[in-house]
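In: My questions concern the predicted model and sequence given below.
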Amino acid sequence: PVWIQPGQAAGCVVGFLGWGRIHAGETGNHVGTDLYPFRDATGPVRVDVTKVPSVPVACTEHHATIINTAPSDIARHGTLEQYRANPAFLKDTEAGQEDTLYRRPPDAAVAWGMGIDLNACIGCNACVVACQVENNVPVVGRDAVLHQREMHWLRIDRIYEGTEAAPDTFFQPMLCMHCEQAPCETVCPVGATTHDSEGLNVMVYNRCIGTKFCSNNCPYKVRRFNYFAFAQRENRPAPSRNPDVSVRTRGVMEKCTFCVQRIAQARIVADRDGVPEQVVTACQAACPTQAISFGDINDPMADVTQRKASPLDYAALPEQGTHPRVTYEGRIRNPNPDIGS
């Protein structure tokens with residue numbers, strides 16, 4: 001299948017090597033097409049391209065799309081010239097962000113938060129894979145993806161801005177925001193999604209009855225419903241899973257937990273040794289550019305606290321009044337003005 005992308009040159013076909021494996025196991029065998037036969041050490045190989053009837057492509061790029069909002073407001077960005085004129089030019093200017101019905105200030109000594117630097121994110125998806133492995137997130141397969149039933153707790157949104165012929169591309173990791181004023185919590189009829197004292201939006205799987213009210217009420221669309229017993233279909237041996245994370249059954253809602261199992265382990269070490277809780281989430285550990293910071297925002301010396309103090313720090317969809325614990329640092333570019341003209 002051919003997947004047409006914005007900015008792709010007319011009359012140019014790009015083929016990626018490394019697919020079409022035959023010894024990759026049940027999940028990876030015969031996924032994609034092996035293009036190595038088109039390579040020849042003796043010289044160029046003639047390739048004829050013929051148009052055939054289309055086939056459905058299993059892709060998650062257009063699932064859970066956020067609409068009715070300007071792309072520049074979700075993945076905020078600007079130029080170096082704008083930053084030098086006003087370092088806080090990406091901040092929200094409206095005072096309505098603080099006008100809320102109620103607040104839930106954490107009453108624990110530790111308050112977990114995350115900051116993501118869009119200047120550093122390269123959209124490599126290493127965080128997505130790390131999250132999947134750490135939290136026993138199942139591989140659902142092509143048919144489920146075609147029905148928009150993917151299970152990844154973390155996704156990388158790719159946002160285009162500009163013309164279709166020459167767009168600008170922006171990457172933005174999107175996960176559970178762990179909102180201090182979470183809209184998902186107020187609509188759950190059985191209290192399956194609740195707020196803990198450290199600011200985490202936690203999931204109690206044994207309570208969940210699968211109403212999906214929380215997913216409908218989430219403005220970030222980061223919750224995943226386990227329609228089938230995907231974990232059983234994987235045919236994986238038990239030792240291949242993370243023993244610190246439960247394997248969910250069908251009919252429950254799943255989402256990012258800020259690696260609560262790692263937080264629990266750090267709490268035990270802190271209580272035993274009398275040291276501050278130090279937690280590195282799976283996505284943070286896997287990020288090759290260190291775009292993700294995580295830690296205690298009550299600690300003024302923590303890296304995440306200092307990152308959140310940046311004038312570029314902002315919350316996604318602030319008009320929703322959710323007060324998320326996950327914030328972003330806007331992307332600053334320095335384009336050559338001669339190229340732009």
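Out: On my side now, so go ahead.

In: For Gly7, which non-adjacent residue is closest in space?
Out: Once its chain neighbours are removed from consideration, Gly7 has its nearest residue in Pro167; the separation is 5.3 Å (CB to CB, 6 or more residues apart in numbering). In short, each C-beta sits where N, CA and C put it, glycine included.

In: go on, Cys184?
Out: Cys214 (3.6 Å).

In: part of a strand, is that neighbour?
Out: No - for Cys214, which was evaluated using DSSP: H, G, I helix; E, B strand; the rest coil, the result is helix, with no strand membership.

In: Could you give the number of residues near it?
Out: A total of 23 residues lie near Cys214 under the criterion other CB atoms under 10 Å.

In: so where's the stretch 201-341 of the chain uncertain?
Out: Counting by pLDDT under 70, the stretch 201-341 of the chain contains low-confidence ranges at 340-341.

In: where do the helices sit along the stretch 151-300 of the chain?
Out: Listed in chain order, the helices of the stretch 151-300 of the chain (DSSP state H, counting those that start in this stretch) span residues 183-187, 213-217, 230-233, 260-273, 282-286.

In: tell me what the fourth one is packed against?
Out: I take that to be helix 260-273. The contact analysis (3 or more CB pairs under 8 Å, 6 or more residues apart in numbering; DSSP states H and E) places helix 260-273 against no helix or strand.

In: hey, C-alpha coordinates of that helix in PDB?
Out: Backbone C-alpha positions of helix 260-273 (Å, rounded to 0.1, in the frame of the first residue of the first chain) are rendered in PDB as follows:
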ATOM      1  CA  VAL A 260       2.900   3.900  39.700                       C
ATOM      2  CA  GLN A 261       4.700   0.600  40.300                       C
ATOM      3  CA  ARG A 262       8.000   2.500  40.200                       C
ATOM      4  CA  ILE A 263       6.600   5.100  42.500                       C
ATOM      5  CA  ALA A 264       5.700   2.400  45.000                       C
ATOM      6  CA  GLN A 265       9.100   0.900  44.800                       C
ATOM      7  CA  ALA A 266      10.700   4.400  45.400                       C
ATOM      8  CA  ARG A 267       8.400   5.000  48.400                       C
ATOM      9  CA  ILE A 268       9.500   1.700  50.000                       C
ATOM     10  CA  VAL A 269      13.200   2.700  49.500                       C
ATOM     11  CA  ALA A 270      12.500   6.200  50.900                       C
ATOM     12  CA  ASP A 271      10.800   4.800  54.000                       C
ATOM     13  CA  ARG A 272      13.500   2.200  54.500                       C
ATOM     14  CA  ASP A 273      16.600   4.400  53.900                       C
END
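
In: how close does Thr186 sit to Asn201?
Out: Shown here: Thr186 relative to Asn201, a distance of 12 Å by CB to CB, to the nearest Å.

In: Comparing these two, which shows the higher neighbour count?
Out: It is Asn201, of Thr186 and Asn201, that has more neighbours when counted by other CB under 10 Å, with 24 against 12.

In: Got phi/psi on the residue lying closest to the more buried one once chain neighbours are set aside?
Out: Counting by CB to CB, 6+ apart, the nearest residue to Asn201 once its immediate chain neighbours are dropped is His178, at 4.7 Å. Note on His178: backbone dihedrals following degrees, to the nearest 10 are phi 50, psi 60.

In: related to what we said a few turns ago, residues in contact with the residue nearest to Gly7?
Out: Neighbour list for Pro167: Pro6, Gly7, Tyr160, Glu161 [criterion: CB atoms under 8 Å, 6 or more residues apart in numbering].

In: Could you rerun that using 6 Å?
Out: Listed by CB atoms under 6 Å, 6 or more residues apart in numbering, the contact partners of Pro167 are Pro6, Gly7, Tyr160.

In: quick one: the closest residue in space to Val129 that isn't next to it in sequence and Thr327, what's the gap?
Out: Counting by CB to CB, 6+ apart, Val129 lies nearest to Ala286, which is 7.1 Å off, once chain neighbours are set aside. If you measure Ala286 against Thr327 using CB to CB, the figure is 20 Å.

In: and what of Gly191?
Out: If you go by CB to CB, the gap between Gly191 and Thr327 works out to 27 Å.

In: Of those two, give the one with the bigger neighbour count.
Out: Set Gly191 next to Thr327 and count neighbours by other CB under 10 Å: Thr327 wins out with 21 against 10.

In: Having no further points to raise, I will conclude here.
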